[in-house]
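Novice: After the sequence you'll find the predicted model.
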Amino acid sequence: MLIAKNPEFEQFVKTAVLTMPAAVYLGFNFGQIAPGEVELVQPYRKELTEHNGFFQGGVIGSLADFAGGAAAGTLLPVGWVNMTADYTVKLLAPAEGDNLIARGRVVKPGSAITVSAVDVYAGEIHCATALVTMRNVPLAKE
C-alpha cells in the first residue's frame, strides 16, 4: 500500500491537472483517487473522434498521460511537482461509447522518477495500455 506524503494530495492533484489548458480542452474529470491511484473519465465529444466516430488515438494517449502523471502526483511531497519524461501507449481496440475511463496506478515510486501503468477502457472494452514515466522536481523557491 502506497502512502501519500502530502495530506492534501487529492486537492493538489485535481487542481494541478484540471488547470492545465490541455485538460480544460479535453474536458475530462476525476473519478476515484487514492495514494498512487487515479481514475480519469473522458466524456464523448465529436471533436475528440476520428472519422468513424471512435476516440482518436492521440486523445487516448493524452488521457493515459494525464492519468499516469496524476497517479504519480498523489505521492509527491508538498512543494514538488512532476512532468512527463516519457510515455508509451499500446492501442488494443477501437474506443467508442459515451466515455473513456483511464485507471492509472504507480508501479515504481521514486524521489526523482516515478513510473505508472494505465489501462484505458471504453465501456467494458480494454482499449489501451500505457506506461508513463514522470520526472519529480521541487518547485523553485522565490
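Specialist: Cool, the structure landed.
Novice: what ranges do the strands span in the protein?
Specialist: 29-34, 37-43, 80-91, 99-108, 113-122, 125-138 (DSSP state E).
Novice: Report all helices and strands that the second one contacts.
Specialist: Looking back up the chat, that one is strand 37-43. Contacts defined by 3 or more CB pairs under 8 Å, 6 or more residues apart in numbering; DSSP states H and E place strand 37-43 against strand 29-34, helix 57-73, strand 99-108. Quick note: C-beta positions are derived from backbone N, CA and C, even for glycine.
Novice: residues of stretch 117-125 that come out buried?
Specialist: For stretch 117-125, burial by neighbour count (16 or more other CB atoms under 10 Å) applies to 117-122.
Novice: closest one to residue 68 among the strands of the chain?
Specialist: Residue 68 lies closest, by CB to CB, to one member of the strands of the chain: strand 125-138, at 2.7 Å.
Novice: With only the CA atoms kept, save the closest one in CSV.
Specialist: What follows is strand 125-138, C-alpha atoms only, in CSV (Å, rounded to 0.1, in the frame of the first residue of the first chain):
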residue,chain,number,x,y,z
ILE,A,125,-13.6,-3.0,-23.7
HIS,A,126,-9.9,-2.6,-22.7
CYS,A,127,-8.8,-0.3,-25.5
ALA,A,128,-5.3,0.8,-24.4
THR,A,129,-2.5,0.3,-22.0
ALA,A,130,0.3,2.8,-21.3
LEU,A,131,3.5,3.1,-19.2
VAL,A,132,4.1,6.7,-18.1
THR,A,133,7.4,8.0,-16.6
MET,A,134,7.3,11.2,-14.6
ARG,A,135,10.2,13.4,-13.5
ASN,A,136,9.7,14.7,-10.0
VAL,A,137,11.1,18.2,-9.3
PRO,A,138,10.9,20.7,-6.4
